[in-house]
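[1] Based on what follows, work out the 3D shape:
(one chain, ligands or ions: 1)
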Amino acid sequence: MVPRPGQPESRIQTHHSSVSTPTWRRMAALPKLLDKSNIKHFLDSFDTVLTDCDGVLWNGDYIIGQANDALNQLRALGKKVFFITNNSTKSRDTYLAKFERLDIIGSKEEIVSSSYVMAQYLKQQNFNKKVYVVGNKGMSDELDNVGIAHMGVEPDPLVGCVFDLKDIKDVVELDPEVGAVAVGFDGTFSFPKILRAASYLNKPGCLFIATNTDERFPIQSSKLIFPGTGCMVRCVETVAMRPPTIMGKPSKMMFSVISEQHQLQPSRTIVIGDNCKTDIVFGKNCGLHTMMVLSGITQMKELEEYAANQDEEKHKRLPDYYLPQLEDLIPLLNDENCK
Ligand SMILES: [Mg+2]
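    Numbering: from 1, shown residues only. All right, here's what the predicted structure looks like:
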(Lines give C-alpha, C1' and ligand atoms only; values in the text may rest on other atoms or scores of the structure.)
Protein backbone atom coordinates (compact mmCIF):
# COMPACT_ATOMS: atom_id res chain seq x y z
CA MET A 1 0.00 0.00 0.00
CA VAL A 2 1.42 3.38 -1.04
CA PRO A 3 1.44 6.00 1.74
CA ARG A 4 -0.46 9.24 1.14
CA PRO A 5 1.58 12.47 0.91
CA GLY A 6 2.55 13.43 4.44
CA GLN A 7 1.82 9.96 5.80
CA PRO A 8 4.91 8.28 7.27
CA GLU A 9 5.84 5.07 5.47
CA SER A 10 5.92 3.32 8.80
CA ARG A 11 2.24 4.09 9.42
CA ILE A 12 0.04 2.21 7.02
CA GLN A 13 -3.72 2.30 7.05
CA THR A 14 -5.54 -0.98 6.57
CA HIS A 15 -9.25 -1.23 5.80
CA HIS A 16 -11.46 -4.11 6.73
CA SER A 17 -14.68 -4.31 4.76
CA SER A 18 -16.72 -5.35 7.81
CA VAL A 19 -15.41 -2.55 10.05
CA SER A 20 -16.34 1.05 9.37
CA THR A 21 -13.58 2.58 11.53
CA PRO A 22 -10.13 2.30 9.90
CA THR A 23 -7.54 0.35 11.86
CA TRP A 24 -4.04 1.90 12.09
CA ARG A 25 -1.15 -0.43 11.92
CA ARG A 26 2.24 0.83 13.02
CA MET A 27 5.19 -0.81 11.33
CA ALA A 28 8.85 -0.11 12.03
CA ALA A 29 11.74 0.43 9.64
CA LEU A 30 14.06 -2.51 9.12
CA PRO A 31 17.60 -2.07 10.46
CA LYS A 32 20.13 -0.62 8.03
CA LEU A 33 22.88 -2.76 6.59
CA LEU A 34 26.16 -1.08 7.53
CA ASP A 35 27.89 -0.16 4.26
CA LYS A 36 30.08 2.45 2.58
CA SER A 37 27.26 5.00 2.54
CA ASN A 38 26.75 5.09 6.32
CA ILE A 39 30.04 3.89 7.86
CA LYS A 40 31.29 7.44 8.57
CA HIS A 41 28.07 8.46 10.31
CA PHE A 42 28.20 5.16 12.23
CA LEU A 43 31.79 5.66 13.42
CA ASP A 44 31.20 9.29 14.39
CA SER A 45 28.26 8.34 16.61
CA PHE A 46 30.13 6.51 19.41
CA ASP A 47 33.32 6.41 21.51
CA THR A 48 32.61 3.19 23.42
CA VAL A 49 31.72 -0.29 22.23
CA LEU A 50 29.94 -2.80 24.47
CA THR A 51 30.22 -6.12 22.67
CA ASP A 52 28.47 -9.34 23.53
CA CYS A 53 30.71 -12.45 23.31
CA ASP A 54 28.84 -15.70 22.45
CA GLY A 55 27.58 -15.45 18.87
CA VAL A 56 29.49 -12.22 18.15
CA LEU A 57 33.14 -13.03 18.93
CA TRP A 58 33.00 -16.78 19.27
CA ASN A 59 30.83 -19.85 18.95
CA GLY A 60 31.87 -22.35 21.59
CA ASP A 61 35.66 -22.49 21.45
CA TYR A 62 36.00 -21.00 17.96
CA ILE A 63 36.50 -17.39 16.99
CA ILE A 64 33.92 -16.19 14.43
CA GLY A 65 35.89 -15.18 11.32
CA GLN A 66 38.20 -12.27 12.13
CA ALA A 67 36.05 -10.79 14.87
CA ASN A 68 39.20 -10.15 16.94
CA ASP A 69 40.77 -8.09 14.10
CA ALA A 70 37.60 -6.04 13.75
CA LEU A 71 37.79 -5.14 17.46
CA ASN A 72 41.50 -4.30 17.09
CA GLN A 73 40.67 -1.89 14.29
CA LEU A 74 37.99 -0.19 16.39
CA ARG A 75 40.54 0.19 19.19
CA ALA A 76 43.04 1.66 16.69
CA LEU A 77 40.41 4.33 15.91
CA GLY A 78 40.38 5.27 19.61
CA LYS A 79 37.20 3.41 20.60
CA LYS A 80 36.98 1.95 24.12
CA VAL A 81 35.86 -1.69 24.20
CA PHE A 82 34.03 -3.60 26.94
CA PHE A 83 32.91 -7.21 26.79
CA ILE A 84 29.43 -7.80 28.20
CA THR A 85 28.03 -11.27 28.69
CA ASN A 86 25.03 -12.82 30.42
CA ASN A 87 27.00 -16.05 30.85
CA SER A 88 27.58 -16.34 34.61
CA THR A 89 29.57 -19.57 34.55
CA LYS A 90 33.01 -18.01 34.07
CA SER A 91 34.86 -15.55 36.25
CA ARG A 92 36.69 -12.68 34.57
CA ASP A 93 39.99 -14.54 35.04
CA THR A 94 38.56 -17.53 33.15
CA TYR A 95 37.45 -15.19 30.36
CA LEU A 96 40.96 -13.76 30.12
CA ALA A 97 42.35 -17.25 29.52
CA LYS A 98 39.77 -17.73 26.73
CA PHE A 99 40.73 -14.36 25.19
CA GLU A 100 44.34 -15.51 25.08
CA ARG A 101 43.41 -18.80 23.38
CA LEU A 102 41.34 -16.97 20.74
CA ASP A 103 43.84 -14.12 20.26
CA ILE A 104 41.41 -11.46 21.50
CA ILE A 105 42.95 -8.38 23.12
CA GLY A 106 41.23 -7.50 26.40
CA SER A 107 41.87 -6.75 30.07
CA LYS A 108 40.07 -7.88 33.21
CA GLU A 109 38.63 -4.37 33.72
CA GLU A 110 36.97 -4.59 30.30
CA ILE A 111 35.08 -7.81 31.07
CA VAL A 112 31.60 -7.44 32.54
CA SER A 113 29.74 -10.70 33.16
CA SER A 114 26.42 -11.15 34.95
CA SER A 115 28.21 -12.80 37.90
CA TYR A 116 30.59 -9.81 38.17
CA VAL A 117 27.60 -7.42 38.12
CA MET A 118 25.93 -9.51 40.85
CA ALA A 119 28.99 -9.14 43.11
CA GLN A 120 29.25 -5.39 42.42
CA TYR A 121 25.53 -4.92 43.09
CA LEU A 122 25.80 -6.61 46.51
CA LYS A 123 28.94 -4.62 47.31
CA GLN A 124 27.14 -1.36 46.48
CA GLN A 125 24.35 -2.40 48.87
CA ASN A 126 26.97 -2.93 51.65
CA PHE A 127 25.67 -6.48 51.91
CA ASN A 128 27.28 -8.18 54.92
CA LYS A 129 25.40 -11.47 55.24
CA LYS A 130 25.78 -14.76 53.38
CA VAL A 131 24.52 -15.58 49.85
CA TYR A 132 22.84 -18.89 49.10
CA VAL A 133 23.99 -19.51 45.53
CA VAL A 134 21.97 -21.69 43.19
CA GLY A 135 24.67 -21.40 40.60
CA ASN A 136 28.24 -22.04 39.62
CA LYS A 137 31.92 -21.38 40.26
CA GLY A 138 31.93 -18.19 38.17
CA MET A 139 29.50 -16.72 40.70
CA SER A 140 31.36 -17.94 43.80
CA ASP A 141 34.69 -16.63 42.40
CA GLU A 142 33.22 -13.15 41.88
CA LEU A 143 31.70 -13.15 45.39
CA ASP A 144 35.11 -14.17 46.77
CA ASN A 145 36.67 -11.22 44.91
CA VAL A 146 34.51 -8.76 46.87
CA GLY A 147 34.76 -10.66 50.17
CA ILE A 148 31.12 -11.77 50.40
CA ALA A 149 30.44 -15.11 52.12
CA HIS A 150 28.43 -17.69 50.20
CA MET A 151 27.29 -21.31 50.18
CA GLY A 152 25.50 -23.72 47.85
CA VAL A 153 27.83 -24.07 44.84
CA GLU A 154 27.95 -27.84 44.85
CA PRO A 155 25.40 -30.62 44.40
CA ASP A 156 22.90 -30.53 47.25
CA PRO A 157 23.69 -33.32 49.75
CA LEU A 158 20.03 -34.38 49.81
CA VAL A 159 19.97 -35.25 46.09
CA GLY A 160 19.25 -38.93 45.68
CA CYS A 161 17.98 -39.36 49.24
CA VAL A 162 14.65 -41.12 49.35
CA PHE A 163 12.20 -39.48 51.72
CA ASP A 164 8.60 -38.44 52.07
CA LEU A 165 7.87 -34.73 51.73
CA LYS A 166 6.53 -34.67 55.30
CA ASP A 167 9.94 -35.82 56.59
CA ILE A 168 11.98 -33.12 54.81
CA LYS A 169 11.44 -30.58 57.57
CA ASP A 170 13.45 -32.84 59.86
CA VAL A 171 16.54 -33.04 57.61
CA VAL A 172 16.81 -29.55 56.06
CA GLU A 173 18.61 -26.98 58.17
CA LEU A 174 18.58 -23.35 57.12
CA ASP A 175 21.59 -21.12 57.80
CA PRO A 176 20.43 -18.05 59.78
CA GLU A 177 23.29 -15.99 58.26
CA VAL A 178 21.82 -16.15 54.73
CA GLY A 179 20.47 -12.76 53.60
CA ALA A 180 20.31 -13.24 49.81
CA VAL A 181 19.56 -15.92 47.23
CA ALA A 182 21.36 -15.66 43.87
CA VAL A 183 20.26 -17.87 40.98
CA GLY A 184 22.47 -18.45 37.94
CA PHE A 185 23.18 -21.40 35.70
CA ASP A 186 23.40 -24.53 37.85
CA GLY A 187 24.15 -27.90 36.28
CA THR A 188 23.19 -29.58 39.58
CA PHE A 189 19.85 -27.78 39.90
CA SER A 190 17.55 -29.93 42.03
CA PHE A 191 14.43 -30.14 44.19
CA PRO A 192 16.37 -29.68 47.47
CA LYS A 193 18.00 -26.51 46.08
CA ILE A 194 14.62 -25.07 45.06
CA LEU A 195 13.28 -25.89 48.51
CA ARG A 196 16.19 -24.17 50.28
CA ALA A 197 16.09 -21.12 47.98
CA ALA A 198 12.34 -20.66 48.48
CA SER A 199 12.66 -21.09 52.26
CA TYR A 200 15.38 -18.43 52.50
CA LEU A 201 13.36 -16.11 50.27
CA ASN A 202 10.42 -16.51 52.63
CA LYS A 203 12.42 -14.67 55.31
CA PRO A 204 11.64 -10.92 55.47
CA GLY A 205 14.36 -8.81 53.85
CA CYS A 206 16.07 -11.66 51.98
CA LEU A 207 17.36 -10.35 48.63
CA PHE A 208 16.52 -12.27 45.43
CA ILE A 209 18.98 -11.92 42.55
CA ALA A 210 19.09 -13.60 39.13
CA THR A 211 22.17 -13.39 36.93
CA ASN A 212 20.11 -13.55 33.71
CA THR A 213 16.96 -15.02 32.19
CA ASP A 214 18.24 -16.49 28.90
CA GLU A 215 16.03 -19.38 27.81
CA ARG A 216 18.71 -21.50 26.12
CA PHE A 217 22.44 -21.74 25.66
CA PRO A 218 23.46 -20.74 22.11
CA ILE A 219 25.16 -24.05 21.38
CA GLN A 220 25.02 -24.87 17.69
CA SER A 221 25.85 -28.02 15.72
CA SER A 222 23.80 -30.18 18.06
CA LYS A 223 20.32 -31.69 18.04
CA LEU A 224 20.13 -31.08 21.79
CA ILE A 225 18.46 -28.07 23.40
CA PHE A 226 20.51 -26.77 26.34
CA PRO A 227 18.31 -25.19 29.04
CA GLY A 228 19.52 -21.75 30.09
CA THR A 229 19.48 -19.90 33.40
CA GLY A 230 15.99 -18.51 32.74
CA CYS A 231 14.43 -21.94 33.35
CA MET A 232 16.03 -22.15 36.79
CA VAL A 233 15.13 -18.57 37.68
CA ARG A 234 11.48 -19.14 36.69
CA CYS A 235 11.37 -22.25 38.82
CA VAL A 236 12.57 -20.49 41.99
CA GLU A 237 10.50 -17.40 41.20
CA THR A 238 7.37 -19.53 40.91
CA VAL A 239 7.67 -21.10 44.33
CA ALA A 240 9.01 -17.93 46.01
CA MET A 241 6.07 -15.98 44.54
CA ARG A 242 8.22 -12.87 44.05
CA PRO A 243 10.36 -11.58 41.17
CA PRO A 244 14.17 -11.36 41.28
CA THR A 245 16.38 -8.35 40.57
CA ILE A 246 17.99 -9.27 37.25
CA MET A 247 21.66 -8.47 36.61
CA GLY A 248 22.09 -9.40 32.94
CA LYS A 249 20.76 -7.99 29.67
CA PRO A 250 18.12 -6.73 28.87
CA SER A 251 18.06 -5.30 32.42
CA LYS A 252 19.84 -1.94 32.74
CA MET A 253 21.92 -3.12 35.71
CA MET A 254 24.94 -4.06 33.59
CA PHE A 255 25.16 -0.58 32.06
CA SER A 256 24.69 1.05 35.48
CA VAL A 257 27.78 -0.77 36.78
CA ILE A 258 29.97 -0.01 33.73
CA SER A 259 28.88 3.60 33.34
CA GLU A 260 29.44 4.33 37.03
CA GLN A 261 32.95 2.86 36.92
CA HIS A 262 33.99 4.39 33.59
CA GLN A 263 31.73 7.46 33.25
CA LEU A 264 30.15 6.38 29.94
CA GLN A 265 27.63 8.52 28.06
CA PRO A 266 24.71 6.48 26.69
CA SER A 267 24.50 8.69 23.59
CA ARG A 268 28.19 7.97 22.78
CA THR A 269 27.99 4.20 23.37
CA ILE A 270 27.03 1.35 21.04
CA VAL A 271 26.09 -2.21 21.90
CA ILE A 272 26.93 -5.00 19.45
CA GLY A 273 25.06 -8.27 19.90
CA ASP A 274 23.61 -11.35 18.22
CA ASN A 275 20.44 -11.71 20.31
CA CYS A 276 17.78 -9.09 19.69
CA LYS A 277 15.78 -9.98 22.82
CA THR A 278 18.71 -9.46 25.19
CA ASP A 279 21.44 -7.36 23.53
CA ILE A 280 19.33 -5.01 21.44
CA VAL A 281 16.55 -4.49 24.01
CA PHE A 282 19.31 -3.82 26.57
CA GLY A 283 20.69 -1.13 24.25
CA LYS A 284 17.23 0.41 23.78
CA ASN A 285 16.51 0.28 27.53
CA CYS A 286 19.76 2.16 28.23
CA GLY A 287 19.50 4.68 25.37
CA LEU A 288 22.49 3.25 23.44
CA HIS A 289 23.17 2.90 19.72
CA THR A 290 22.67 -0.70 18.56
CA MET A 291 24.18 -3.04 15.98
CA MET A 292 23.38 -6.68 15.38
CA VAL A 293 25.48 -9.37 13.77
CA LEU A 294 23.71 -12.35 12.25
CA SER A 295 26.37 -14.87 13.33
CA GLY A 296 24.49 -16.06 16.42
CA ILE A 297 20.95 -16.41 17.65
CA THR A 298 18.78 -13.87 15.80
CA GLN A 299 18.35 -14.15 12.05
CA MET A 300 17.08 -11.59 9.49
CA LYS A 301 13.69 -13.32 9.10
CA GLU A 302 12.98 -12.69 12.78
CA LEU A 303 13.83 -8.98 12.45
CA GLU A 304 11.49 -8.71 9.45
CA GLU A 305 8.69 -10.21 11.53
CA TYR A 306 9.28 -7.72 14.37
CA ALA A 307 9.32 -4.78 11.94
CA ALA A 308 5.94 -5.84 10.56
CA ASN A 309 4.46 -6.54 14.00
CA GLN A 310 1.87 -4.14 15.43
CA ASP A 311 3.23 -4.55 18.96
CA GLU A 312 5.57 -1.60 19.53
CA GLU A 313 7.35 -3.54 22.31
CA LYS A 314 8.63 -5.85 19.55
CA HIS A 315 10.10 -2.84 17.75
CA LYS A 316 12.57 -2.49 20.64
CA ARG A 317 14.19 -5.67 19.30
CA LEU A 318 15.19 -3.95 16.05
CA PRO A 319 18.80 -2.68 15.94
CA ASP A 320 19.88 0.51 14.18
CA TYR A 321 22.38 -1.39 11.99
CA TYR A 322 23.29 -4.95 11.15
CA LEU A 323 26.10 -6.93 9.51
CA PRO A 324 26.31 -10.62 8.62
CA GLN A 325 29.26 -10.93 11.00
CA LEU A 326 31.66 -8.65 12.83
CA GLU A 327 34.56 -9.22 10.42
CA ASP A 328 32.48 -7.52 7.69
CA LEU A 329 33.36 -4.28 9.47
CA ILE A 330 37.02 -4.62 8.41
CA PRO A 331 36.75 -3.72 4.67
CA LEU A 332 34.41 -0.83 5.55
CA LEU A 333 36.93 0.56 8.08
CA ASN A 334 39.77 0.13 5.57
CA ASP A 335 37.82 2.00 2.88
CA GLU A 336 36.97 4.77 5.33
CA ASN A 337 40.60 5.07 6.49
CA CYS A 338 41.80 5.40 2.88
CA LYS A 339 39.74 8.57 2.26
MG1 LIG B 1 25.29 -13.66 22.36
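[2] Look up how far Asn87 lies from the residue in the stretch 51-200 of the chain that the ion sits nearest to.
    Proximity of the stretch 51-200 of the chain to the ion (Cβ to the ion) peaks at Gly55, 3.6 Å away. For the C-beta atoms, the positions are set from N, CA and C on the backbone; glycine is no exception. Separation of Gly55 from Asn87 (Cβ to Cβ, to the nearest Å) stands at 11 Å.
[3] Out of those two, name the residue with the larger neighbour count.
    Using other Cβ atoms under 10 Å as the criterion, Gly55 and Asn87 rank with Asn87 on top: 24 against 21.
[4] Let me know the helix or strand that that one is in.
    If you go by DSSP states H and E, Asn87 is not part of any helix or strand.
[5] thought it was touching Cys53?
    Yes: counting by Cβ atoms under 8 Å, Asn87 does reach Cys53; the two are 7.3 Å apart.
[6] Tell me, how many residues neighbour the closest residue to Asp156 other than its chain neighbours?
    Nearest non-adjacent residue to Asp156, counting by Cβ to Cβ, 6 or more residues apart in numbering: Pro192, 4.0 Å away. Neighbourhood size, Pro192 [other Cβ under 10 Å]: 17.
[7] about what we covered before: and for the closest residue in space to the residue of the stretch 51-200 of the chain closest to the ion that isn't next to it in sequence, the neighbour number?
    Nearest residue to Gly55 in three dimensions, chain neighbours excluded: Gly296, at 2.1 Å (Cβ to Cβ, 6+ apart). For Gly296, the count of nearby residues is 23 (other Cβ under 10 Å).
[8] now Leu333
    Counted with other Cβ under 10 Å, Leu333 comes out at 17.
[9] residues contacting it?
    By Cβ atoms under 8 Å, 6 or more residues apart in numbering, the contact set of Leu333 is Ile39, Leu43, Ala70, Gln73, Leu74, Leu77.
[10] I'd like to know which of those are buried.
    Applying 16 or more other Cβ atoms under 10 Å to these, the neighbour count classes Ile39, Leu43, Ala70, Gln73, Leu74 as buried.
[11] Surely Asn212 touches Gly230?
    Yes: counting by Cβ under 8 Å, Asn212 does reach Gly230; the two are 7.2 Å apart.
[12] Could you check which of these two is surrounded by more residues?
    Neighbours were counted for Asn212 and for Gly230 using other Cβ under 10 Å; Asn212 has more, 28 against 20.
[13] Just list the residues touching the closest residue to that one other than its chain neighbours, thanks.
    Using Cβ to Cβ, 6+ apart and skipping the chain neighbours, the partner closest in space to Asn212 is Gly248 (3.1 Å). For Gly248, the contacting residues are Asn86, Ser88, Ser114, Val117, Ala210, Thr211, Asn212, Thr213, Asp214, Met254, Thr278, by Cβ under 8 Å, 6+ apart.
[14] Run a quick neighbour tally on the first one.
    I take that to be Asn86. Neighbour tally, Asn86, other Cβ under 10 Å: 31.
[15] I'd like the distance between it and Gly184.
    Applying Cβ to Cβ to Asn86 and Gly184 gives a distance of 10 Å.
[16] Between these two, which contacts overlap?
    Both Asn86 and Gly184 are contacted by Ser114, Thr211, Asn212, Thr229, under the criterion Cβ under 8 Å, 6+ apart.
[17] Quick check: which of those residues are also close to the ion?
    Among these, no residue lies close to the ion (Cβ under 5 Å from the ion).
[18] So which of those sit within helices?
    Ser114, Thr229 (DSSP state H).
[19] so which of the shared contacts of Asn86 and Gly184 would you say is closest to Ser259?
    Nearest to Ser259 among the shared contacts of Asn86 and Gly184 is Ser114, at 16.4 Å by Cβ to Cβ.
[20] Name all residues that make contact with the residue nearest the centre of the chain.
    In the chain, the residue lying closest to the centroid (Cα atoms, centre = their mean) is Lys249, at 3.3 Å. Counting by Cβ under 8 Å, 6+ apart, Lys249 touches Asp52, Ile84, Asn86, Asn212, Gly273, Thr278, Asp279, Val281, Phe282.
[21] can you do 7 Å?
    Ile84, Asn86, Thr278, Asp279, Phe282 (Cβ atoms under 7 Å, 6 or more residues apart in numbering).
[22] export the buried ones among the contacts of Leu333 to CSV and tack on distance to Ser221 and secondary structure?
    Shown next, in CSV, are the buried ones among the contacts of Leu333 (distance: Cβ to Cβ, whole Å; DSSP: H, G, I helix; E, B strand; the rest coil):
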residue, distance to Ser221, secondary structure
Ile39, 32, helix
Leu43, 34, helix
Ala70, 23, helix
Gln73, 29, helix
Leu74, 29, helix
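[23] residue of the stretch 201-339 of the chain with the smallest distance to the ion?
    Counting by Cβ to the ion, the stretch 201-339 of the chain gets nearest to the ion through Asp274 (4.5 Å).
[24] how far away is that residue from Asn68?
    16 Å.
[25] higher neighbour count, those two?
    With neighbours defined as other Cβ under 10 Å, Asp274 and Asn68 compare such that Asp274 has more, 27 against 20.
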